[in-house]
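Enquirer: Prediction below, plus the sequence it came from.
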Amino acid sequence: MKPRTKYEKAVIAQSGRLRPLPTAPRRWAFTNTINHYAFRLPKGRTTCMDCGHSWIMSESAEICKCPNCKAKLEVKETYTRKCQQKSYFNVITTCGEYQILRIFLLIVEMRKGFKASPAFLEIGQYWIAPNGKTALVALQRTMGLYLDCFAFGSPMEIRKDSDTYQHIANQYLYPKIKVDDCTLVFLTFLRSERSYSPPRAAMEAIFSLMPSATRRICSLRLSAMG
């Protein structure tokens with residue numbers, strides 16, 4: 001939907017300035033958020049589904065290492081020649097005065113004899129102002145049998161928050177996060193409230209009223225503060 005408030009208009013303006021997903025989180029997501037297989041035939045012919053390399057493994061095993069790319073692989077006895085995997089992961093970063101949690105979908109096509117082909121699609125962004133106000137910029141959801149049905153051709157616009165967006169915002173998290181000092185100021189203010197004791201109890205009460213993306217960022221910063 002179109003931005004209505006001054007805050008939403010500012011978020012949309014900043015959203016267009018975000019850079020594409022860098023190489024480092026792409027590599028991390030491929031390595032850590034999907035399964036890595038070696039498809040083995042009964043006579044021992046084994047194929048790494050990551051790089052496409054094929055070799056003879058005389059004895060069956062549950063785990064092996066690809067001689068070519070050195071990836072640790074789960075061995076599956078199967079005649080299957082291809083598979084598809086997908087996962088959601090999140091990157092915490094900043095833009096101007098805003099803290100952002102960016103939600104990405106990774107889709108990987110794997111086929112025997114070929115290098116795995118990963119594709120990355122941004123699903124949504126939680127924008128968090130220094131005062132804790134949150135806006136969601138995301139793709140449109142569609143009707144379907146599954147929870148995560150999105151119109152991939154739809155524009156990234158202001159959307160109404162829902163359990164679906166909050167659920168995928170709590171999936172894999174890229175470990176290198178960027179937290180703005182404004183977030184620290186907001187947390188410091190909340191911790192100084194005298195009407196709550198101890199301060200951490202106030203944090204937990206306030207977090208319970210926030211979207212999950214906001215709670216996640218604040219919890220990480222709060223842990224660092226001790």
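Expert: Here it is on my side, so go on. Since the structure is predicted, the reported quantities are computational estimates derived from the model, not experimental observations.
Enquirer: In the chain, where is pLDDT below threshold?
Expert: Low-confidence segments of the chain, defined by pLDDT under 70: 144-145, 179-226.
Enquirer: Mind jotting down where the strands sit in it?
Expert: 37-40, 45-48, 54-56, 63-65, 72-77, 82-95, 98-111, 117-128, 134-138, 157-158, 172-173 (DSSP state E).
Enquirer: what does the last one rub up against?
Expert: By C-beta atoms under 8 Å, 6 or more residues apart in numbering, the residues outside strand 172-173 that reach it are 29, 32-33, 87-90, 92, 216. Quick note: C-beta positions are derived from backbone N, CA and C, even for glycine.
Enquirer: Buried ones among these?
Expert: Buried members of the contacts of strand 172-173, scored by 16 or more other C-beta atoms under 10 Å, are 29, 33, 87-90, 92, 216.
Enquirer: Not counting its neighbours along the chain, what's nearest Ala61?
Expert: Val75 (5.6 Å; C-beta to C-beta, 6 or more residues apart in numbering).
Enquirer: Cys64 is in contact with the one you found, correct?
Expert: Yes: using C-beta atoms under 8 Å, Val75 is in contact with Cys64, at 5.5 Å.
Enquirer: neighbour-wise, which of those two wins?
Expert: Cys64 (19 against 16; other C-beta atoms under 10 Å).
Enquirer: measure the more buried one to Cys48 for me?
Expert: As judged by C-beta to C-beta, to the nearest Å, Cys64 and Cys48 stand 9 Å apart.
Enquirer: Run through the residues that contact the residue of the chain most remote from its centre.
Expert: In the chain, the residue that sits farthest from the middle, by C-alpha atoms, centre = their mean, is Lys43; the gap is 39.1 Å. Neighbour list for Lys43: empty [criterion: C-beta under 8 Å, 6+ apart].
Enquirer: Can you list the buried residues in stretch 115-128?
Expert: So for stretch 115-128, counting by 16+ other C-beta under 10 Å, buried means 116, 118, 120, 122-128.
Enquirer: which one among those residues gets closest to Leu139?
Expert: Ile123 (5.7 Å; C-beta to C-beta).
Enquirer: Tell me the bridge partners for the most centrally placed residue in the chain.
Expert: By C-alpha atoms, centre = their mean, the chain has its centre lying nearest to Phe89, at 1.6 Å. Phe89 has these beta-bridge partners by DSSP bridges: Phe104, Tyr172.
Enquirer: before we move on, the earlier item: adding distance to Gly153, write the buried residues of stretch 115-128 out as a markdown table.
Expert: Shown next, in a markdown table, are the buried residues of stretch 115-128 (distance: C-beta to C-beta, whole Å):
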| residue | distance to Gly153 |
| --- | --- |
| Ala116 | 25 |
| Pro118 | 20 |
| Phe120 | 16 |
| Glu122 | 13 |
| Ile123 | 13 |
| Gly124 | 15 |
| Gln125 | 18 |
| Tyr126 | 22 |
| Trp127 | 23 |
| Ile128 | 27 |
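Enquirer: Among the residues you listed, which pair sits farthest apart?
Expert: Longest span within the buried residues of stretch 115-128, C-beta to C-beta: Ala116 and Ile128, 34.2 Å.
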